[in-house]
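Q: Predicted model and sequence below, questions to follow.
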There are 2 protein chains.
Amino acid sequence: MATTTEAAPTKRGGRGARERILKATVELFARDGIHATGVAKVTEVAQVSTRTLYQHFPSKEALVSAYLARLESDPNGPAEIETVLTRADLEPRDRLIALFAAPAEEALVRGCPFHNTAVEAAGAMPEAAAFVERHKRELIANLIATAEAAGADHPERLGRQLAVLFEGARALATSINDTRPFEDARDLAVTLINDAIGARASG
Amino acid sequence: MATTTEAAPTKRGGRGARERILKATVELFARDGIHATGVAKVTEVAQVSTRTLYQHFPSKEALVSAYLARLESDPNGPAEIETVLTRADLEPRDRLIALFAAPAEEALVRGCPFHNTAVEAAGAMPEAAAFVERHKRELIANLIATAEAAGADHPERLGRQLAVLFEGARALATSINDTRPFEDARDLAVTLINDAIGARASG
DNA sequence: CACAAAGTAAAGCGATCGCTATACTTGAGT
DNA sequence: ACTCAAGTATAGCGATCGCTTTACTTTGTG
């Protein structure tokens, strides 16, 4: 045709645009941060046009919310470790302890993506902040429930303390770029869990 | 004169520009985040011209490093709580426990500014990341030293565990927008400290 | 009183930000 | 086959980013 075109070698990604966009956000937002990642970078990695991105997500803020939801539901994503609490093949006690397994070096780099989002959101992006708050409160609730299932003496207290330890391990490991805090947290967690369960068994 | 000028009503801040700039960074970077704060906002709050800012600090990244140094040396800034470890009027044991006093609501909002900077720095700004790493390692060392001064049984272990607890309390409190994690962390810290000191007294 | 240091105002650099608009192409389902 | 949603490419919007530049003014001190 006369309408040019030796063009059209690219073709981009094809149909599943939404999925590729979400995959790209998980890769980029978690690794580089939200403010540091422009939407152009997202479209580039997702092999998607700008228009398509904005047809699926009305704004970057909406994209951030979708990113958080994906993080939560993706069992292979950066938040994967938290899913051990739901593994039926482990005893409740072992689930609690498995949470403190030191992550691989590269997964360590950026700590908890939910907390990081809350930090980056600061005042702006209240929806994201609310999402993170709900997620963390559910994590605490899951820890308490698992502590109870493990037969702990004071499950609420144990669950809350384990939550603090877990958050602390991730945060400190990130700041000092060292997995050591996970070992320290796990050692203390094991002691707390044994004491709580042992106290009941012997009481 | 023909050179206009009914101007010059403003005059800005006057001499101590560097000081005002640093004060502004502490206020803005800590509250809103680094990426979210443009240099124009800093100059506005500091009542300083753009030129002056860049005469004192060659780049925004240099400004971030100076901000971290100021945080560390300012006993009234957002990192103030960590200075309790150096208070000579308190017993070592009480210094360790005072660390876990719940902060005021408004100070809670954004967690630890050092950790936040590490998160925002991500890959970029390696100088800032190194600064944070050093700061946190010194915090751990101070905790260990204070634990030793308190007569703890295994001061290294106690110091490391308290560091994890402290980081966890700040991080989790920020994410769920609630000071409760500080209470949980303090309760556990008190137990750990009493056990470590009691073990020695009775052993 | 002169002078250097420290400051000011304001225009503008190129780049990137989040986002929109116009126009065209593809591909799966009926 | 036809249709139409889903996709493409690309130019550009106004705003802001970090940063530079030019030209001028204040202020403390020798």
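A: Arrived safely.
Q: Show me the domain layout of chain A.
A: Taking automatic domain parsing as the reference, chain A has its domains at A:10-58, A:76-201.
Q: Let me know the average pLDDT across the longest one.
A: When pLDDT is averaged over domain A:76-201, the result is 92.
Q: for the domains of chain A, which one ends up most surrounded?
A: Mean neighbour count (mean count of other C-beta atoms under 10 Å in any protein chain shown) peaks for domain A:76-201 among the domains of chain A, with a mean of 19. For glycine as for every other residue, the C-beta is placed from the backbone atoms N, C-alpha and C.
Q: one step back: can you say which of the domains of chain A is nearest to chain B?
A: domain A:76-201 (2.5 Å; C-beta to the nearest C-beta).
Q: just how off-centre is that closest one within its chain?
A: Offset of domain A:76-201 from its chain centre (C-alpha atoms, centre = their mean, to the nearest Å): 11 Å.
Q: touching DNA strand D at all, that domain?
A: No: for domain A:76-201, no contact with DNA strand D is found by C-beta under 7 Å from any atom of the strand; the gap never falls below 12.0 Å.
Q: and that domain with DNA strand C, contact?
A: No: on the criterion C-beta under 7 Å from any atom of the strand, domain A:76-201 is out of touch with DNA strand C, staying 10.8 Å away.
Q: Residue of chain A nearest DNA strand C, please.
A: residue A:38 (2.8 Å; C-beta to the nearest atom of the strand).
Q: how near is that residue to DNA strand D?
A: Noted for residue A:38: a distance of 11 Å to DNA strand D, by C-beta to the nearest atom of the strand, to the nearest Å.
Q: Please report phi then psi for that residue.
A: Main-chain torsions, residue A:38, degrees, to the nearest 10: phi -80, psi 160.
Q: any idea how far residue A:63 is from it?
A: 11 Å (C-beta to C-beta, to the nearest Å).
Q: what does residue A:20 give?
A: In terms of C-beta to C-beta, residue A:20 sits 13 Å off from residue A:63.
Q: And residue A:139, by the same measure?
A: For residue A:139, the distance to residue A:63 - C-beta to C-beta - is 23 Å.
Q: try residue A:74
A: Taken as C-beta to C-beta, the span from residue A:74 to residue A:63 is 15 Å.
Q: Quick check on the two: which one has the bigger neighbour count.
A: Taking neighbours as other C-beta atoms under 10 Å in any protein chain shown, residue A:74 and residue A:63 compare with residue A:63 leading, 23 against 15.
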